[in-house]
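S.K.: Structure of the sequence below:
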Amino acid sequence: MFSYALLSTVRSLARSPYRLFSSSSVLGFPKLKTHSGTKKRWRALPSGLFKRPQAGHSHMNVSKRPGRKNRLGLTAYSNAGQTPKLKKLMPYS
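M.R.: Predicted coordinates:
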C-alpha cells in the first residue's frame, strides 16, 4: 500500500522551489531491466533500428557455397515486426 506520510512528503517537495532530485526518484518508480540475451546479440542504431551479426557463419563451412558464406558475413537488421519488441526488451538503447 502507499504510505500517506510519503504522499505528504512528496507533496511538500513538489511545492517547494528547491528540488533535490527528479520527481521519479522521489516516488521510487522501478527501473526497467534490459534483457540480457538481447543486449548480447543486438545493437541499437540512431535510426531506431537494431542490427546483429548474421547467424550460421562460424562452423560447418565446407558444405556451404562461397556466395552463401558471403551473405552470412553481412549484417542483419531488425524488420518492422521485430523492432517494437526489441525496444521493449532494450528500453534504454
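S.K.: Next up, the contacts around K87.
M.R.: G48, S93 (CB atoms under 8 Å, 6 or more residues apart in numbering). Heads up, the C-betas are built off the backbone N, CA and C, glycines and all.
S.K.: helix, strand or coil for it?
M.R.: Under DSSP: H, G, I helix; E, B strand; the rest coil, K87 falls in the helix class.
S.K.: what pLDDT does it get?
M.R.: On the pLDDT scale, K87 is placed at 96.
S.K.: And it, how far from R65?
M.R.: 36 Å (CB to CB, to the nearest Å).
S.K.: Now do the strands in the protein.
M.R.: 43-44, 50-53, 75-77 (DSSP state E).
S.K.: Any idea which of those gets closest to N61?
M.R.: Closest to N61 of those, according to CB to CB: strand 50-53, at 15.1 Å.
S.K.: what pairs with the closest one, and is each one parallel or antiparallel?
M.R.: Using DSSP bridges, strand 50-53 pairs in its sheet with strand 43-44 (antiparallel), strand 75-77 (antiparallel).
S.K.: re earlier: CSV please, covering the strands of the chain and showing distance to L32 and mean pLDDT.
M.R.: Output for the strands of the chain, formatted as CSV (distance: least, CB to CB, whole Å; pLDDT from 0 to 100):
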stretch, distance to L32, mean pLDDT
strand 43-44, 15, 97
strand 50-53, 17, 97
strand 75-77, 24, 96
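S.K.: possible to save the ones you listed as JSON lines with mean neighbour count and distance to S36?
M.R.: Below are the strands of the chain laid out as JSON lines (neighbours: other CB atoms under 10 Å; distance: least, CB to CB, whole Å):
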{"stretch": "strand 43-44", "mean neighbour count": "14", "distance to S36": "15"}
{"stretch": "strand 50-53", "mean neighbour count": "16", "distance to S36": "15"}
{"stretch": "strand 75-77", "mean neighbour count": "12", "distance to S36": "20"}
